[in-house]
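Colleague: Need coordinates for the following:
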Amino acid sequence: MDISTMRSYIRSVVDIDSSDITDDTLNRFLGEGYDKIVYSQKRWPFYEVSTTFNTVGSQKDYTLAAVGALVTDGLREVAALRSDENVLAYVGRDVGDVAYPLDTGTSGRGWWWSFWADTIRIYPTPGSATTINVRAYKNPTPFGAGSADSAEPSDLPAPFQILVATYGIFRAYEQQEDPGMAAQYLGMFNSELDNLTGRYVDVPAPQPLVLNGRTLSRWRFSDRLRYAWE
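Modeller: Residues are numbered from 1 along each chain as shown. Predicted coordinates for the structure are as follows:
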């Protein structure tokens, strides 16, 4: 469903034309709806990507931009790192810096990593160039203001695309000063987003369910993480 079709759909529902709300304004409304969806969850499965980057000898820090240089639109968050030899365990930045103080020259094969200020730090500092395999979540492709008429919210599965248009209807009614209809379509948007979240953000079928468990692999380490509950 391209953005031009979405605009036509909105105008047919609200019974308006381009003299009531311009194409640019509707595009911005649709962009708001798109952003509401894509940023409502950190781990939408349709943003999962795999990539690689190479470490540099004696360099411990790597920006998110450098790690995701091979990914279109770049990375939003890193989920896991591994080399050809081992899986790197995630630790809190404070814990890692205690184990490997910044004023030490310890280097070798990476075993742990932390993430802070959009920067990955590897412990110990890599002693040589190594290829690191990355599982991560990419940034959403921009959609809305400035999009061509043929542009689609291509990141989103089909069930989400009509939802973007539903948000546009809510904003159009709001702009036309019809709070009753605006509230009705906002409720429809929120209800369907909750429904789709339940369908797409779910435990993978092969993943066993553990009731009352407190530890996930990303957070497992010998000491408490900063800002983490025990």
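Colleague: SS state for residue 121?
Modeller: Three-state assignment for residue 121 (DSSP: H, G, I helix; E, B strand; the rest coil): strand.
Colleague: Can you name the residues that contact it?
Modeller: By Cβ atoms under 8 Å, 6 or more residues apart in numbering, residue 121 lies in contact with 60, 61, 62, 93, 96, 113, 114, 115. For glycine as for every other residue, the C-beta is placed from the backbone atoms N, C-alpha and C.
Colleague: one more time with 10 Å
Modeller: 60-62, 91, 93, 96-97, 100, 102, 110, 112-115 (Cβ atoms under 10 Å, 6 or more residues apart in numbering).
Colleague: What about the residues you listed, which are in helices?
Modeller: In this view, those that belong to helices under DSSP state H are 93, 96, 97.
Colleague: Quick check on these: which are buried?
Modeller: Taking 16 or more other Cβ atoms under 10 Å as the criterion, what is buried in the ones in helices among the contacts of residue 121 is 93, 96.
Colleague: centroid residue for the protein?
Modeller: residue 42 (4.5 Å; Cα atoms, centre = their mean).
Colleague: and that residue, what does it touch?
Modeller: Residue 42 sits next to 76, 77, 79, 137, 201 when contact means Cβ under 10 Å, 6+ apart.
Colleague: Show me what the longest helix along the chain packs onto, helices and strands only.
Modeller: Scanning the chain for the longest helix, with DSSP H as the assignment, gives helix 179-200. Applying 3 or more Cβ pairs under 10 Å, 6 or more residues apart in numbering; DSSP states H and E, one finds that helix 179-200 contacts helix 3-14, helix 23-38, helix 158-175.
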